[in-house]
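In: Please find the sequence and the predicted model below.
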Amino acid sequence: MSKTNRISLIVLIVSVVVIAINLVFILNSGENPSRKNYKLPATELSEKAWGEILANNSAIDQFKVLKTGSVKVPRSGMLNTDKLDDKSKLKEFLWVDVFVFMFHHQDRGWYIIDTGLDSSFQKDGNINGFLASNYIIESKQTSGQNIGAQLQRENKEIKGIFFTHLHGDHTAGMPEIDRSIPKYIGKGDKYLDLPFLYSSNHLTSKSILYEMDWAEGFSKKPFDYVMDIFGDGSILAIHTPGHSKGHLSYLLNTTEGSILLTGDASHTKYGFKNNIEPGWVDDQKAAVNSLNQLRSFHEMFPQVEIIYGHER
Ligand SMILES: [Zn+2]
């Protein structure tokens, strides 16, 4: 075979392989849950001052944090390392906790926020593919710490699941949770299920996601968009995009006081205190803006307890 022919043959083989890989992806694209709009109820909150909202004699009378395990992740995912001081002494990989938050509303019953980890995280977890190990390097979980076991011990009827966002470590508990429970997310938040690259069995094409559209909410400084989920001021979703497009932080006004769940707008306390947005971002400018808003709120109302996305 002449040299030209050999080169042609190699080009042909490479082309066929590339086309074949593309076909596999097209024919075998992952699970895509269906989406519906969640109609936000009428609210009088936009007229009220924060002081009055936070003093709300709330219907939320119980709040619990369930730790479902820990994951080892790259520091560069948790924090924009360009802004990280060399003297921070933070290691290249960090162990962070994975939480589920549970609350009880007097009229509406029990809800959870995010779904934590299922029992597969005692070993390798339930996210597979070439890219998966770039996000979660290792996991730790004690026996009975998985969300399924904890919910079984709690023995409560869960009326709904609110997600901060749909990244794998927030949806990974789903295989152990009744799939018929309604799920609520920020509008347009992406669920990633890419065969061979980053695949999971957390949500299926049968899952319905109720999307909360922040544009139907209201502005209340320092926040651009706030949604009064039940219309009674007990739980507010705050649009804090950047880490992901539809990312939501939650403000719960409980009978014991108010609690701000930043979600992954700030994975860590270090990032919040030092004003460093996450390294993993969809939109860095938006991530900086969201962190600024949460920090401003904290300065205005330091009495509100904060729980970070992966640290408390
Ligand atoms: Zn995330």
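Out: Ah, there it is. Since this is a predicted model, take the numbers as computed values, not measurements.

In: for the ion, what are the nearby residues on the stretch 51-200 of the chain?
Out: H167 (CB under 5 Å from the ion). All C-beta spots, glycine's among them, are computed from the backbone N, C-alpha and C.

In: where do the strands sit along the stretch 51-200 of the chain?
Out: Using DSSP state E, counting those that start in this stretch, the strands of the stretch 51-200 of the chain run over 60-74, 93-105, 109-113, 127-128, 138-140, 158-162, 183-186, 199-200.

In: Need the winner for burial among the ones you listed.
Out: Ranked by mean neighbour count, those are led by strand 183-186 with a mean of 24 (mean count of other CB atoms under 10 Å).

In: now that strand: mean pLDDT?
Out: For strand 183-186, mean pLDDT rounds to 98.

In: Likewise for stretch 192-210?
Out: The average of the pLDDT scores along stretch 192-210 is 90.

In: which residues make contact with that stretch from outside it?
Out: The contact list for stretch 192-210, computed with CB atoms under 8 Å, 6 or more residues apart in numbering, reads 24-25, 28-38, 115, 126-132, 135, 166-168, 171-172, 174-175, 179, 182-185, 191.

In: Whichever of the residues you listed end up buried, select them in PyMOL.
Out: Per 16 or more other CB atoms under 10 Å, the buried members of the contacts of stretch 192-210 correspond to this PyMOL selection:
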select buried, resi 30+31+33+35+38+115+126+127+128+129+132+135+166+167+168+171+172+174+175+183+184+185+191
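
In: wait, what's in contact with the closest residue to S88 other than its chain neighbours?
Out: For S88, ignoring the flanking residues on the chain, the nearest one in space by CB to CB, 6 or more residues apart in numbering is Y270 at 7.3 Å. Shown in contact with Y270 (CB under 8 Å, 6+ apart): 79, 88, 90, 276.

In: tell me which residues in the one helix or strand Y270 maps to are buried?
Out: Under the criterion of DSSP states H and E, Y270 resides in helix 269-273. Residues of helix 269-273 classed as buried: 270-272 (neighbour count, 16+ other CB under 10 Å).

In: which ones are touching the most centrally placed residue in the chain?
Out: When CA atoms, centre = their mean is applied to the chain, the residue found nearest the centroid is H165 (3.2 Å). Shown in contact with H165 (CB under 8 Å, 6+ apart): 185-186, 189, 243-244, 246-248, 263-264.

In: ok, 7 Å please
Out: Listed by CB atoms under 7 Å, 6 or more residues apart in numbering, the contact set of H165 reads 189, 243-244, 246-247, 263-264.

In: Likewise for M212?
Out: So M212 contacts 38, 40, 184, 186-187, 227, 237 (CB under 7 Å, 6+ apart).

In: Tell me the spacing between it and I229.
Out: With distances taken as CB to CB, to the nearest Å, M212 is found 7 Å from I229.

In: which residues are in contact with both of these two?
Out: A237.

In: ok, back up a step: give me the next element, helix or strand, following the helix holding Y270.
Out: Reading on from helix 269-273 to the C-terminus, the next helix or strand found by DSSP H and E is helix 284-300.

In: Is that following helix in proximity to the ion?
Out: No: Helix 284-300 stays out of contact with the ion when judged by CB under 5 Å from the ion, the minimum separation being 11.1 Å.

In: Dump that helix to PDB, keeping only the CA atoms.
Out: The C-alpha coordinates for helix 284-300 follow below in PDB (Å, rounded to 0.1, in the frame of the first residue of the first chain):
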ATOM      1  CA  GLN A 284     -19.400  32.600  36.700                       C
ATOM      2  CA  LYS A 285     -20.800  36.200  36.700                       C
ATOM      3  CA  ALA A 286     -24.200  34.900  37.900                       C
ATOM      4  CA  ALA A 287     -22.400  32.800  40.600                       C
ATOM      5  CA  VAL A 288     -20.600  35.900  41.900                       C
ATOM      6  CA  ASN A 289     -23.800  37.900  41.900                       C
ATOM      7  CA  SER A 290     -25.800  35.100  43.700                       C
ATOM      8  CA  LEU A 291     -23.100  34.800  46.400                       C
ATOM      9  CA  ASN A 292     -23.100  38.600  46.800                       C
ATOM     10  CA  GLN A 293     -26.800  38.600  47.400                       C
ATOM     11  CA  LEU A 294     -26.600  35.800  50.000                       C
ATOM     12  CA  ARG A 295     -23.800  37.500  51.800                       C
ATOM     13  CA  SER A 296     -25.600  40.900  51.800                       C
ATOM     14  CA  PHE A 297     -28.600  39.100  53.300                       C
ATOM     15  CA  HIS A 298     -26.400  37.600  56.000                       C
ATOM     16  CA  GLU A 299     -25.000  41.100  56.800                       C
ATOM     17  CA  MET A 300     -28.500  42.500  57.100                       C
END
